[in-house]
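Enquirer: Got a predicted structure here, sequence first:
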Amino acid sequence: MNDIVVDKLTLSYPDGFHIMDAGEKERLNFLGGDTGECLSDSDRHIIISIGYKSAGGLGFLVSAKDAAKKTEAAIRKAMLSFSYHLNGFDKRSIGGEDAEGFRYEYEAQGISMYAESVVVKHEHTLYYLHFYARKELLEESLAVWGDILSSAGF
C-alpha cells in the first residue's frame, strides 16, 4: 500500500496506481481547479481524483450535502453529451466525517463507465473525491474504491 496526502486528507492506495503528472491530468479535462491529485491504475482502468477547497469565512453554513448537489449539477451539465445517467445520492463516513455523494453512469468513446463523487467536509475545507471505472470491471473496481475510502484519515 502507498499513501497520498491532499491537504489534511490521507488515503492509502494499492500497488498498481500511480500519481498522475500535470500532463496526464490536463488531458482528462477534470472540472475544478488544480488543488489536488489524481491516481490512475491503467490495468484496472480506474482513475481517482482528490481535490479540496476552503469553504470560506462562512464555512459553517456550507454542508457536504449542498456541495454534493452543486457538484452533481455541474457534472450533469458537462456530461450531457456522454449519455449521463444519475443513479442516486448516498451518505457514508470518510475519515470519521459525514460525507455525501452520488453515483452515475456515462459513455466515453463507446465504453460504458461508472463513476462516484463524494464530498466530505473537515473543519472549514471541502474535499472532493471522484472515482471513474469501466462498468465491465465494476465489482473489482468498487472493492478497490471501498478499500481506499476506508483508509481515509485527517
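Expert: Arrived safely, thanks for sending.

Enquirer: Determine the longest helix present in the protein.
Expert: Ranked by number of residues, the top helix in the chain under DSSP state H is helix 64-79.

Enquirer: And that one, what's buried?
Expert: Using 16 or more other Cβ atoms under 10 Å as the test for burial, helix 64-79 gives A64, K65, A67, A68, T71, E72, I75, M79. No exception for glycine: its C-beta is placed from N, CA and C like everyone else's.

Enquirer: what's the pLDDT at the fifth one?
Expert: What it means is T71. Listed pLDDT for T71 reads 96.

Enquirer: Tabulate the buried residues of helix 64-79 (CSV), appending distance to L28.
Expert: Output for those, formatted as CSV (distance: Cβ to Cβ, whole Å):
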residue, distance to L28
A64, 24
K65, 27
A67, 21
A68, 21
T71, 16
E72, 19
I75, 14
M79, 13
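
Enquirer: pull the CA atoms of the helix or strand of the chain with the lowest mean pLDDT into PDB?
Expert: Among the helical and strand segments of the chain, the one scoring lowest on mean pLDDT, DSSP states H and E is helix 22-28, with a mean of 81. C-alpha atoms of helix 22-28 as PDB (Å, rounded to 0.1, in the frame of the first residue of the first chain):
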ATOM      1  CA  ALA A  22       0.400  17.500 -14.800                       C
ATOM      2  CA  GLY A  23       0.300  16.400 -18.500                       C
ATOM      3  CA  GLU A  24      -1.800  13.300 -17.700                       C
ATOM      4  CA  LYS A  25      -4.300  15.400 -15.600                       C
ATOM      5  CA  GLU A  26      -4.500  18.100 -18.300                       C
ATOM      6  CA  ARG A  27      -5.600  15.500 -20.900                       C
ATOM      7  CA  LEU A  28      -8.500  14.400 -18.700                       C
END
